[in-house]
Structures are given as C-alpha cells and as structure tokens.
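**Q** Using only what follows, build the 3D model:
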Amino acid sequence: MAVRLDGRVALVTGAGSGLGREHALTLARLGAKVVVNDIGTTLRGENGDPAPGDRVVAEIVAEGGEAIAHHASIAEPEGAQSLVDLAVERFGTVDVLVNNAGILRDKTFQKMSLEDFEAVLRVHLMGTVFCTHAAWPVMTANGYGRVVVTTSGSATNGNFGQANYAAAKLGVVGLMNVLALEGVRKGVLINAIAPGAATRMTAELIPSEIRDYLAPGLVSPVVAYLCSESCTDTGCIIWSVAGKVSRVFYAETPGVQFDPSQSLHPDEVEAAWPRIIDADGAEPAAPGPIGDAVQRLARMGLIG
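**A** This is a model prediction of the structure:
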C-alpha cells in the first residue's frame, strides 16, 4: 500500500527551515495541503522574519502543491489557535499536525537563567500543547487525525548543557502517552519522532565527519508515514538518526516483589538493589500510574 496524503490538510510548525521545511515539502509531495508555520527567528527565538516560511510555501506551489503561510507564534495559545483557524478557513479542516517548532538556549544548569529555561519550555512543550489542544477538537469531531510530536535523544538519554531542552522534550512524551490513550477511540493517533539531522539547530552538536549522513530528508519520510492512514500505531517514540529507524520505549526490569502486606525496610531495598536494577529480562512498562500492579497482586492471591 502506497503512503499517500492526498486531500489531507497538514499543519507543520517551525517549517521555515531545517527539519520542518523538509517535513512540509515531503507532506506536500505526497498530496497534502500544507499550512507552513514559521516566525523566522534566530535559534534563540529572537528577531522574527516571515521570509523563511514564505519561501517554503513558494517551493511547494512551484512543485504544483497547495500551501499557505502562517506567521504567528505557537508559543502563545492565540497563535496556535489562529494556525488551526487558518487551516479550517482555507482548507476546511485539519487532519495532520506536526509539532516541530523549537529554539535553543543551551548552558549548564547552574549557569542557565530561569528565563532561558522557561523560554525553551514555552516553545517546545507549551507550543506543542497549544497547537495540539487547538487541533484536537477538529480531529475528534472528524473521527480522524494524526499528530506527531518531536522529542529528542537529549531527553530520553540526556545531553550535557541542555536541561531546558531535555525537560521540554521529555514533557511532550508524557503528553503523547496520555493523548494516545484518549485519542485512539476517536480515531486520533499520536506518535513522537526523535530525529537526528544536520540543521542549523544542531550545527554545534554534531561532529562534522558525520553531517553528510544526517540529512533531514532521511527523517521526513518517517514523519510522513506517521502522518498517514497507513500508520495504525499510537503512543510510539520513533528514533530516526543516520538512516536508522527504530522504536524507543521505557522498560521495566523484573525487579523484586516484596510482600505488600508487610512493612518494608530500607535495608531490604539495599540488599535487593542489584536485582532491582538488573535489566536482564526487562519488558515494556505498562501504562498508567500503577502499571501492572493489579495483575501482580492478583497473581500473588492478594486480590480477587
């Protein structure tokens, strides 16, 4: 089955350059009508310029596609709502949302100002929240939607000097985990892309000798699949770096089952610690705040 997006209306944030530009072009080439959101700021989120977004729209139109530009900031709820409103006004609906917009203000945590910490969270995390919250009612009313959030290995695995960025990028995973449960019964699926690509955002982070193998064009086809009807999975973190595409998931070790009807002492935890953290035999963690507790207690005969 060919992956196509004919007639679908797709919103891509931060689509004026880098990964966002490639996402927008790829979706348009597969038949989607694209709303290109970009305010054209520096990497720090300063000095807006509408030109980058307009250029991407011109590229899409020149290739025979349909696209319009949106220049409001998605880091404000009004800007995110206006993005969705523009799509509905011009194209009639919203089928796809790719949350890609982002800024960087890297420093070690001790040297980082709280202003810079909050600014990065505002764009990456709250921008994703605002856009998804605005698009969600349209999608659920239609009984169909595809949402992609952008996470990072800096969040799932850590990266020196990026506490604000990592906190935001792991925050969108938490959002995805819940919305995957809430959206699936209404036909709205949501997944996360963890990309590695040579863009202006990663210019100082990626070794020069591997940049040729980290083209944004290796990531966008994965995003396009997640945006299509062909994708029927939800709640997945998909890693796409240097041509490798894989699933990242949180695992739970077999651990140690103490008797929950008895008291527990820290000394018992210390004695069991090597077995608690031993990853041999780990399996994907069960969703929800108590995981598989009900099933475990039932197997122990403590509950019916």
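**Q** which stretch of helix or strand covers the residue in the chain sticking out farthest from the centre?
**A** In terms of distance from the mean C-alpha position of the chain, Gln262 ranks first, at 41.8 Å (Cα atoms, centre = their mean). Here Gln262 sits in a region with no helix or strand, counting by DSSP states H and E.
**Q** ok, now the one 10 residues further on?
**A** Under the criterion of DSSP H and E, Ala272 resides in helix 266-277.
**Q** Tell me the helix or strand right after that helix.
**A** In the C-terminal direction, the helix or strand that comes right after helix 266-277 (DSSP H and E) is strand 283-284.
**Q** which residues touch that next one?
**A** The contact list for strand 283-284 (Cβ atoms under 8 Å, 6 or more residues apart in numbering) reads Phe249, Tyr250, Ala251, Glu252. Where C-beta positions appear, they are placed from N, C-alpha and C, glycine not excepted.
**Q** looking at these, which has the most residues close by?
**A** In terms of neighbour count, Glu252 stands highest of the contacts of strand 283-284 at 14 neighbours, by other Cβ atoms under 10 Å.
**Q** show me the contacts for the closest residue to that one other than its chain neighbours.
**A** Once its chain neighbours are removed from consideration, Glu252 has its nearest residue in Ala285; the separation is 4.3 Å (Cβ to Cβ, 6 or more residues apart in numbering). Shown here is Ala285, whose contacts under the criterion Cβ under 8 Å, 6+ apart are Phe249, Tyr250, Ala251, Glu252, Gly291.
**Q** As a check, name the ranges of all strands in the stretch 1-150 of the chain.
**A** Assignment of strands within the stretch 1-150 of the chain using DSSP state E, counting those that start in this stretch yields the ranges 9-12, 33-37, 66-70, 96-99, 145-150.
**Q** Run through the neighbouring helices and strands of the longest one.
**A** The contact analysis (3 or more Cβ pairs under 8 Å, 6 or more residues apart in numbering; DSSP states H and E) places strand 145-150 against strand 96-99, helix 127-142, helix 163-183, strand 188-196, helix 220-226.
**Q** Run through who's touching it.
**A** With Cβ under 8 Å, 6+ apart as the contact definition, strand 145-150 has outside contacts at 19, 94-100, 102, 124, 128, 132, 135-136, 138-139, 169, 172-173, 175-176, 179, 183, 187-195, 223, 226-228, 231.
**Q** Now, of those, which are buried?
**A** Applying 16 or more other Cβ atoms under 10 Å to the contacts of strand 145-150, the neighbour count classes 19, 94-100, 102, 124, 128, 132, 135-136, 138-139, 169, 172-173, 175-176, 179, 183, 188-195, 223, 226-228, 231 as buried.
**Q** for this protein, which spans come out with low pLDDT?
**A** Per-residue confidence of the chain (counting by pLDDT under 70) places the weak regions at 47, 199-205, 207.
**Q** now the end-to-end length of stretch 16-36.
**A** 7 Å (Cα to Cα, to the nearest Å).
**Q** Just the buried positions in it, please.
**A** Counting neighbours by 16+ other Cβ under 10 Å, one finds that the buried residues in stretch 16-36 are 16-30, 32-36.
**Q** Could you do stretch 295-302 as well?
**A** Buried residues in stretch 295-302 (16+ other Cβ under 10 Å): Leu297.
**Q** before we move on, the earlier item: let me have the helices and strands packed on strand 145-150 in a markdown table, extended by distance to Trp239.
**A** Conversion of the helices and strands packed on strand 145-150 to a markdown table gives the following (distance: least, Cβ to Cβ, whole Å):
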| stretch | distance to Trp239 |
| --- | --- |
| strand 96-99 | 17 |
| helix 127-142 | 18 |
| helix 163-183 | 12 |
| strand 188-196 | 5 |
| helix 220-226 | 9 |
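**Q** between those, which one is nearest to Val245?
**A** With distances scored as Cβ to Cβ, the stretch of the helices and strands packed on strand 145-150 nearest to Val245 is helix 220-226 (5.5 Å).
**Q** Which strands or helices does that closest one pack on?
**A** Here helix 220-226 is seen to pack against helix 18-29, strand 145-150, strand 188-196, strand 237-241 when contacts are counted using 3+ Cβ pairs under 8 Å, 6+ apart.
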